[in-house]
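J.: Based on what follows, work out the 3D shape:
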Amino acid sequence: IKTMTYGVWLVVTGIAIANGGLRTPIVYAYPVIILSVGLMISARAALLTTAMTTLTIVGLMLGEMMGLLAVKMPALPVMFGVVQISICLMAAGLIASVVKSYQTRLKELYALGQNLTIRTRHLEESKLQLQQAQTVARVGSWVLALPTLEFTLSDETRRILDLPEDHGNAFDALLQKTWHQDRDVLVQAARATRAGSSSDFEMRIVVGEALRWVRLKADIQKDADTAAQYAVGIAQDITERKAAEAQIQTLAYFDALTGLPNRRLLMDRLAHAMASSVRYPRKAALLFVDMDNFKVLNDTHGHFMGDQLLLQVAQRLSSCIREGDTVARLGGDEFVVMLENLSADLQVATDQARAVAEKVLAVLAQPHQLDNYTHMSTSSIGVTLFGAQPEGIEEPLKRADMAMYQAKAAGRNTLRFFDPSMHRVIAERASLEKDLHEALAQEQFTLVYQPQVSIGGKSYGAEALLRWLHPVRGQVSPVEFIPMAEDTGIILPLGQWVLESACAQLAAWANQSDMAHLSVAVNVSPRQFHQADFADQVLATLKRTGANPLRLKLELTEGLLVSNVEDVIAKMVRLKSAGVGFSLDDFGMGYSSLSYLKRLPLDQLKIDQSFVRDVLLDPNDAAISKMVIVLAESLGLSVVAEGVETAEQCDFLAGQGCRLYQGYLFSRPLPAAGLEKYIRSSQNLTP
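T.: Down below sits the predicted model:
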């Protein structure tokens, strides 16, 4: 526009100078040019053009007055034509310029529109991504305009708070959905927010039939005058987090298998019960319940079966108590029942606790159906009362534990109340257990052998018997330490030591002509036999010591047949195929089933000494011994009577058909050298 305008100005000036100066009509174009410059370019450009025009006119005037310019008067039509053409050209140029500028502006506006569209699309995409992110994170946003209390909620916030899109008064709608116990929390937080204070709290809302947990947080935004304008916040669904926290709480205070309170929660409740019992004149009781022979079930049927039993025990215990009492699992097969609010009278409270304990004994003794296996189980229970005086929370538990061990010692499947004398018994038991561990490490055990003789008085074998000579206690009876070894698990390494020593002795006697014919019987505990690799242990021991399997006899008790008979038979068959013999000890005292007995690869039955002792006095004992002898003959088994102490007993048994004996009538248990001397002695004659 500038180039065209100034060009026209130069053309007009040139024509004016060449064709008569100021007298030519073309000078009338100057105002049009100046006006155009002002409108199309700028006021500054118009002033500049005016100045140049004024100087030109002055110059023309001076030139004409001084005769420097020749004045010509062109024909009027030509001049007017030139003027008209010039004006048309200027107009055309101006129009073209305006059109071009308009088109350029349109392009700019189009480009701006395109950018705006792209930005709008990006904004929509960002909003969608924000909504998706909020949905995934379960975190919504909201804004509250404090001056107007206008509430703006995101879609996710509405979903979390279960508010419809047309929610009306959002706060009132939310208040109606809030769990009644948390409404005060919401109201107080709302007041704080409206007053311009930030807040962060958790509450529960009701959605359908579910206790959805939400977290609401508000931050206050202020204007330049520090006046609160907006509350900008989040709404977060924390239901899963609360569930996880509850799960952690459950794992911390409840047993994972049975769902019963664990030791930690029991101790909390025990502390509370003890405080209440001291404050109010009422007694409380603890029942320490331990399952009998639980490890045998685990060893023979696997831990899965053991877990099933524990679940059923937990259910049965829970059915035996009142509301407000506690059943807890301490671990393994140990449970504790806490009875609260018993009578203030000591005797009445004792009777109440005894009644519950007896009920527990009866309920737990009922058959347990474990998959397709019916398991018989019993329990031992220790009982103690508390609440008469302040004491540490561990003390009642210790007393109940002591009483439970007394129930075990009394033969299991019974209960015992705590007695102060039990402290001494428990201390002695702990000391014995410690000494038992040391005895095995320090080789304080030894084997003795009691001869087994035939009817002619000839020794055909011997039973290996374990003895413990303690450096301080002296000779410790097997009746005293064998049950302890069974309970503590020491029986496993101890039993292996016995087997190893007996086989080594058997191998040594094989090199002596007068001893080589002897067989050696070794007692095997149920816990030892039920080891998965027991047969491998026996075969490895025979190979290591060089003992003849045909000279080794393993004595088993009837208690071994209580569970998993098929496994017992399989192990016996494997060892039998290697030449090892088997004798069923204490026959008639336990659980023998004739249907299983005929399937066992036995070589011998032993008449228990309790029947032999009174065989001459008690017709029942005589009948039982006769029954064992006849049964053994029918099954093709030999029979040996143990505990024979008099010649009359031996004669009576011989008359019933028994041909093998063992007892003090012939010899007490002897060391290996003593047995050798006994075998070689001329005193080894028919009684």
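J.: which other helices and strands contact the host helix or strand of residue 174?
T.: In this structure, residue 174 sits in helix 170-177 according to DSSP states H and E. The contact analysis (3 or more C-beta pairs under 8 Å, 6 or more residues apart in numbering; DSSP states H and E) places helix 170-177 against strand 150-153, helix 155-161, helix 183-194. C-beta coordinates here come from the backbone N, C-alpha and C atoms, glycine included.
J.: ranking these by burial, who's on top?
T.: Ranked by mean neighbour count, the helices and strands packed on helix 170-177 are led by helix 155-161 with a mean of 21 (mean count of other C-beta atoms under 10 Å).
J.: average model confidence for that helix?
T.: Helix 155-161 shows a mean pLDDT of 80.
J.: quick one on the thing from earlier: turn the helices and strands packed on helix 170-177 into a markdown table, including distance to residue 327.
T.: Formatted as a markdown table, the helices and strands packed on helix 170-177 follow (distance: least, C-beta to C-beta, whole Å):
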| stretch | distance to residue 327 |
| --- | --- |
| strand 150-153 | 48 |
| helix 155-161 | 40 |
| helix 183-194 | 35 |
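J.: Run through the residues that contact residue 325.
T.: 337-340 (C-beta atoms under 8 Å, 6 or more residues apart in numbering).
J.: Return the closest of those residues with respect to residue 526.
T.: residue 337 (28.8 Å; C-beta to C-beta).
J.: Residue 282 reaches residue 386, doesn't it?
T.: No. Using C-beta atoms under 8 Å, residue 282 is not in contact with residue 386; the gap is 11.0 Å.
J.: out of those two, which sits in the busier spot?
T.: residue 386 (23 against 17; other C-beta atoms under 10 Å).
J.: Nearest spatial neighbour of that one, chain-adjacent residues omitted?
T.: When the adjacent residues along the chain are set aside, residue 386 lies closest to residue 396, with 4.2 Å between them (C-beta to C-beta, 6 or more residues apart in numbering).
J.: Would you list the phi and psi of the one you found?
T.: Dihedral pair for residue 396: phi -60, psi -40, per degrees, to the nearest 10.
J.: One more: residue 316?
T.: For residue 316, the backbone dihedrals are phi -70, psi -40 (criterion: degrees, to the nearest 10).
J.: what's the spacing between it and residue 568?
T.: Plainly put, residue 316 is 28 Å away from residue 568 if you go by C-beta to C-beta, to the nearest Å.
J.: before we move on, what about residue 266?
T.: Distance from residue 266 to residue 568, by C-beta to C-beta: 38 Å.
J.: Ok, residue 206 next?
T.: Residue 206 sits 60 Å away from residue 568, taking C-beta to C-beta as the criterion.
J.: of the two, who's got more company?
T.: More neighbours surround residue 568 than the other of residue 206 and residue 568, with 21 against 14 (other C-beta under 10 Å).
J.: Would you confirm that that one belongs to a helix?
T.: Yes. Counting by DSSP: H, G, I helix; E, B strand; the rest coil, residue 568 is located in a helix.
J.: so what's it closest to, chain neighbours aside?
T.: residue 560 is the one closest to residue 568 (C-beta to C-beta, 6+ apart), at 6.0 Å.
J.: Is the one you found part of a helix or strand, or is it coil?
T.: Criterion first, three-state DSSP; result for residue 560: helix.
J.: who does the strand ranked longest in the chain pair up with?
T.: Longest strand in the chain, counting residues (DSSP state E): strand 459-470. Note on strand 459-470: by DSSP bridges, its sheet partners are strand 445-454 (antiparallel), strand 474-476 (antiparallel), strand 519-523 (parallel).
J.: quick one, which of those strands is nearest to residue 55?
T.: Closest to residue 55 of these is strand 445-454 (C-beta to C-beta; 139.4 Å).
J.: What are the buried residues along that closest one?
T.: Across strand 445-454, burial judged by 16 or more other C-beta atoms under 10 Å covers 445, 447-453.
J.: what would those look like in JSON lines with pLDDT?
T.: Listed next are those as JSON lines, based on pLDDT from 0 to 100:
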{"residue": "445", "pLDDT": "94"}
{"residue": "447", "pLDDT": "96"}
{"residue": "448", "pLDDT": "96"}
{"residue": "449", "pLDDT": "96"}
{"residue": "450", "pLDDT": "95"}
{"residue": "451", "pLDDT": "95"}
{"residue": "452", "pLDDT": "94"}
{"residue": "453", "pLDDT": "93"}
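J.: ok, now which ones touch the residue nearest to residue 568?
T.: Residues counted as contacts of residue 560 (C-beta under 8 Å, 6+ apart) are 526, 529-530, 568.
J.: In helices, which of those appear?
T.: Secondary structure from DSSP state H places 526, 529, 568 of these in helices.
J.: and the residue lying closest to residue 253 once chain neighbours are set aside, how many neighbours does it have?
T.: Nearest residue to residue 253, sequence neighbours excluded (C-beta to C-beta, 6+ apart): residue 265, at 4.1 Å. Residues lying near residue 265 (other C-beta under 10 Å) number 16.
J.: picking that back up, in JSON lines: the strands paired with strand 459-470, plus distance to residue 365.
T.: Below are those laid out as JSON lines (distance: least, C-beta to C-beta, whole Å):
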{"stretch": "strand 445-454", "distance to residue 365": "36"}
{"stretch": "strand 474-476", "distance to residue 365": "33"}
{"stretch": "strand 519-523", "distance to residue 365": "28"}
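J.: where in the stretch 551-687 of the chain is pLDDT low?
T.: For the stretch 551-687 of the chain, applying pLDDT under 70 flags the ranges 562-563, 588-596, 682-687.
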